[in-house]
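# pasted the sequence and its predicted model underneath.
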Amino acid sequence: MLTRTGRALATVLAAGLVSCLQTAALAAPVGALKQFKVPTANSQPRVIANGSDGNRWFTEGTEFTGSPAKIAKITPAGVITEFAPGVADGCNFCIITDIAQGPGDILYITSNDATLMRFNVAAQSFQTPVQMPTTSTLGGNIAISADDVWITDFNNDSLWRYNITSGQFTQFPVPEPADVAVDSLGRVWFTAPLDGAVNQLDPATGTVTSTGAAGLVPRALAVAADGQVWFTARFTPQGVGRLNPNTDPHVVTTIPLTNVGPEGIAASPDGSLWFTQTTKGNVASINNAGVITEAKTVKGSEPFGITVAPNGDPWYTMMSANKIATLQLR
């Protein structure tokens, strides 16, 4: 059953206060880089997430390769097992967009098909998919909070909330959502690249509060351990930004970067953030002081998605190198 809110009652425009660290302090490279080849050639691994089974799970196949859509797990030792969804699993020659771990050992997977795919990591099998409410839904990025799965739908200028317990969808009309995250207080954040903003949705009213990203075009989004909302901006001007949700208006701090291609971003247990640098070919961490610590560069590897294991080690995809990499910090 579909429930639908009306258009947001109000869009609150908050320009925000902006501070800028003119140059980012670079620390010496850290960690031992390990790389693992994906079995399927030219699979272009893209998005990666932590699984409830202690492994990392990632997606394969994009619009830029003829390789079939798959998900795969990689163990801490680097052993990779691939799983290909069929039509009955919700993938009709689909291109997988995102993957995220939900409750009950279930991974939730979006694609350009109007279905929400599900995979049980304990049983290692696909489950009956969930049909999206409209056939025009273009499933984008996912954030999971308690029993709610939040899905961006750029095609329909909407955020969808799927409640796992009730099986119901709620549609929230919002401007051009790209990525979504939910913080520990249940606040829903999403990036709006065309507006150059990081937005907050109030699910109770449908109200969107928009904060300008200080001239950056925000893409990926992550909430740090201290509740700060971080984002990457890959296109010129490049940079990483931080929004303080506890100030009114929200204070946005930007950290300029040059020709590194910041893309995916993920929170670390120690309060720092790790992000991929697609152009430079490595990953880097950043803390609240703006200190950036980089890993070893692998030319032509094109790092994209990233997650951080509970022990603090970042794991990330190398799209062009067809590998999964991890930086062993300890």
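Alright, I've got the coordinates. Numbering: from 1, shown residues only.
# now for the residue positioned nearest the centre of the chain: which residues touch it?
For the chain, the residue nearest the mean C-alpha position is residue 220 (5.7 Å; CA atoms, centre = their mean). Applying CB atoms under 8 Å, 6 or more residues apart in numbering, we find residue 220 in contact with 178, 179, 191, 231, 232, 263, 264, 265, 275. (Each C-beta comes from the backbone N, C-alpha and C, glycine too.)
# just the closest of those to residue 56, please.
Nearest to residue 56, judged by CB to CB, of the contacts of residue 220 is residue 264 at 13.2 Å.
# show me what contacts that closest one?
When contacts are counted by CB under 8 Å, 6+ apart, residue 264 is found next to 47, 220, 232, 275, 276, 303, 304, 305, 306, 316.
# so, low pLDDT: which residues of the stretch 201-330 of the chain?
In the prediction, the stretch 201-330 of the chain carries no residues with pLDDT under 70.
# let me see the ranges of the helices in the stretch 151-300 of the chain.
Here the stretch 151-300 of the chain has no helices by DSSP state H, counting those that start in this stretch.
# show me the strands in it, by range?
With DSSP state E, counting those that start in this stretch, the ranges of strands along the stretch 151-300 of the chain come out as 158-163, 168-173, 180-182, 188-192, 197-202, 207-212, 221-223, 229-233, 239-244, 251-256, 262-267, 273-277, 282-286, 291-294.
# related to what we said a few turns ago, distance check, the residue nearest to the centre of the chain against residue 255.
For residue 220, the distance to residue 255 equals 15 Å [CB to CB, to the nearest Å].
# and what of residue 107?
As defined by CB to CB, residue 107 lies at a distance of 32 Å from residue 255.
# burial of residue 245, as a residue count?
Residues lying near residue 245 (other CB atoms under 10 Å) number 19.
# contacts only, for it.
The neighbours of residue 245, taking CB under 8 Å, 6+ apart as the test, are 183, 187, 189, 200, 227, 228, 229.
# turn the strands of the stretch 151-300 of the chain into JSON lines, including distance to residue 30.
Formatted as JSON lines, the strands of the stretch 151-300 of the chain follow (distance: least, CB to CB, whole Å):
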{"stretch": "strand 158-163", "distance to residue 30": "37"}
{"stretch": "strand 168-173", "distance to residue 30": "41"}
{"stretch": "strand 180-182", "distance to residue 30": "26"}
{"stretch": "strand 188-192", "distance to residue 30": "28"}
{"stretch": "strand 197-202", "distance to residue 30": "29"}
{"stretch": "strand 207-212", "distance to residue 30": "32"}
{"stretch": "strand 221-223", "distance to residue 30": "20"}
{"stretch": "strand 229-233", "distance to residue 30": "20"}
{"stretch": "strand 239-244", "distance to residue 30": "18"}
{"stretch": "strand 251-256", "distance to residue 30": "19"}
{"stretch": "strand 262-267", "distance to residue 30": "16"}
{"stretch": "strand 273-277", "distance to residue 30": "11"}
{"stretch": "strand 282-286", "distance to residue 30": "8"}
{"stretch": "strand 291-294", "distance to residue 30": "6"}
